[in-house]
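Peer 1: Got a predicted model here, sequence first, then my questions.
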Amino acid sequence: MPDQTPTQEALLDALRAVADPAGRRDIVSAGLVEGVVFRDGLAEAALLTDRAHAEAMEPVCTAAEAALAAVPGVQRARVVLTAHHDAPPGPPSPGLGHKPAAKPLLLANAGAVIAVASGKGGVGKSTVAVNLAIALSQTGQRVGLLDADVYGPSLPTLLGLNRRPEMRDDRIQTLSAWGLHTMSIGYMVDAGTPLIWRGPMVMGALEQMMGEVAWPDLDVLVIDMPPGTGDAQLTIAQRVALAGAVIVSTPQDIALDDARRGIAMFQHTNVPVLGLIENMSYFICPHCGERAEIFGHGGARTEAERLGIDFLGEIPLQAEIRAASDAGTPVAVDNPCLLYTSPSPRDMRRS
């Protein structure tokens with residue numbers, strides 16, 4: 001049976017049959033195709049746009065998906081819009097991980113930018129990010145914390161902040177809490193208000209929080225990443241020189257499956273993976289002292305060893321951590337022992 005894997009040129013040829021919104025050129029020659037890839041039967045393309053033209057690009061996306069789906073060997077096709085302020089010069093890039101040379105890196109005044117990520121929601125990633133940032137600030141470093149989860153911002157609750165940031169000299173000012181300089185879309189919308197935004201608007205909000213906020217000079221900036229491995233994560237990996245990523249997972253297989261995808265995404269975009277944390281690792285009953293491994297135990301350590309990355313430790317499931325988070329007083333402020341993590345075997349060998 002002949003190989004039905006389409007070449008990248010075949011995919012680009014299919015996209016050349018799709019007109020740009022003005023109808024004068026095809027989307028490839030117009031420079032609107034940021035990248036196109038084929039993997040496991042899925043042909044995926046990224047088209048450049050901005051918030052002002054997102055609506056006009058929707059029928060273009062539909063036409064592009066139909067054109068890709070018609071290529072022999074393609075089982076599924078998906079086209080996404082990525083926010084961009086200016087149309088890029090020159091030919092399209094070969095893949096979705098390309099960084100357009102015309103776009104300067106954001107958050108350049110931070111000495112190190114660390115992403116705290118997970119492949120799925122509900123594993124305690126935001127709580128880990130907040131307490132990690134506070135712990136770093138307690139060492140005397142200047143630390144910032146960016147909540148990049150536009151759909152589910154957590155910082156207003158976790159930090160106990162319920163005021164809006166100020167505008168000064170056309171720049172959004174950060175809000176300070178517990179020694180951190182912070183920013184979240186949650187500061188700018190009413191609590192409980194759903195953000196029913198399409199992808200380009202989300203990308204625009206992310207770029208605004210990274211590029212139009214008056215971030216001071218920082219030693220470290222921690223980014224609380226949105227869950228998953230979609231366009232928002234790709235935008236951050238493209239626009240920020242990430243020093244590394246910390247992956248948070250719970251012990252059970254379903255969470256580890258998503259954590260593997262997160263690790264693979266960072267490796268694909270050449271971001272070092274600093275290590276894996278197992279959150280909600282076990283529970284100690286406060287009444288009888290019995291230990292219960294509610295979500296299983298040790299899965300993250302085993303996965304880290306399999307992938308050859310550092311296992312950073314275990315964080316127990318504690319009612320006190322939950323209560324402190326809900327109250328806006330992170331446990332790293334006055335009760336950090338609740339975040340005790342067992343050492344990595346690799347760290348033990350170093351010592």
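Peer 2: Arrived safely. Residues are numbered from 1 along each chain as shown.
Peer 1: where along the stretch 151-300 of the chain do the strands fall?
Peer 2: Shown for the stretch 151-300 of the chain, the strands assigned by DSSP state E, counting those that start in this stretch span residues 167-168, 171-172, 175-177, 180-184, 218-224, 242-249, 273-279, 283-284, 291-292.
Peer 1: With mean neighbour count added, can I get these in CSV?
Peer 2: Where you see a C-beta, it was placed from the backbone N, CA and C, and this is true even at glycine. Formatted as CSV, these follow (neighbours: other Cβ atoms under 10 Å):
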stretch, mean neighbour count
strand 167-168, 10
strand 171-172, 16
strand 175-177, 17
strand 180-184, 25
strand 218-224, 24
strand 242-249, 24
strand 273-279, 24
strand 283-284, 14
strand 291-292, 11
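Peer 1: Nearest to V150, out of those?
Peer 2: Smallest distance to V150 across those (Cβ to Cβ): 9.1 Å, for strand 180-184.
Peer 1: sorry, back to before: with distance to L234 as extra columns, can I get the strands of the stretch 151-300 of the chain in a markdown table?
Peer 2: Formatted as a markdown table, the strands of the stretch 151-300 of the chain follow (distance: least, Cβ to Cβ, whole Å):
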| stretch | distance to L234 |
| --- | --- |
| strand 167-168 | 29 |
| strand 171-172 | 23 |
| strand 175-177 | 27 |
| strand 180-184 | 20 |
| strand 218-224 | 14 |
| strand 242-249 | 12 |
| strand 273-279 | 16 |
| strand 283-284 | 36 |
| strand 291-292 | 39 |
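Peer 1: got those as CSV, with distance to V202 and mean pLDDT columns?
Peer 2: Written out in CSV, the entries for those read as follows (distance: least, Cβ to Cβ, whole Å; pLDDT from 0 to 100):
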stretch, distance to V202, mean pLDDT
strand 167-168, 21, 90
strand 171-172, 17, 90
strand 175-177, 21, 95
strand 180-184, 14, 95
strand 218-224, 15, 96
strand 242-249, 19, 92
strand 273-279, 24, 92
strand 283-284, 35, 84
strand 291-292, 39, 84
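Peer 1: I'd like to know which of those strands is closest to I309.
Peer 2: So among the strands of the stretch 151-300 of the chain, strand 273-279 is nearest, using Cβ to Cβ, at 5.2 Å.
Peer 1: Contacts for that closest one next, please.
Peer 2: Contacts with strand 273-279, where a contact means Cβ atoms under 8 Å, 6 or more residues apart in numbering, come from 114, 123-125, 127-128, 244-251, 259, 263, 266-267, 297-301, 303-304, 307, 309-315, 341, 344.
Peer 1: next one: stretch 154-171
Peer 2: Stretch 154-171 is touched from outside by 126-127, 130, 145, 147, 172-175, 177-178, 180, 182-184, 186-188, 191, 212-214, 224, 325-330, with contacts defined as Cβ under 8 Å, 6+ apart.
Peer 1: and that stretch, C-alpha only, in CSV?
Peer 2: The C-alpha atoms that make up stretch 154-171 are tabulated as CSV, following Å, rounded to 0.1, in the frame of the first residue of the first chain:
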residue,chain,number,x,y,z
SER,A,154,-7.1,32.1,40.3
LEU,A,155,-4.9,34.8,41.6
PRO,A,156,-7.6,37.1,43.0
THR,A,157,-8.8,34.3,45.3
LEU,A,158,-5.4,32.8,46.1
LEU,A,159,-3.8,36.1,47.0
GLY,A,160,-6.9,37.8,48.5
LEU,A,161,-6.9,40.6,46.0
ASN,A,162,-10.2,42.2,45.0
ARG,A,163,-9.3,45.5,43.5
ARG,A,164,-8.6,46.6,39.9
PRO,A,165,-5.1,47.7,38.8
GLU,A,166,-4.4,51.3,37.9
MET,A,167,-3.5,52.7,34.6
ARG,A,168,-0.4,55.0,34.6
ASP,A,169,1.3,56.4,31.5
ASP,A,170,-0.8,54.1,29.4
ARG,A,171,0.6,51.1,31.3
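Peer 1: List the buried residues for that stretch?
Peer 2: For stretch 154-171, the neighbour count (16 or more other Cβ atoms under 10 Å) marks S154, L155, P156, T157, L158, L159, L161, P165 as buried.
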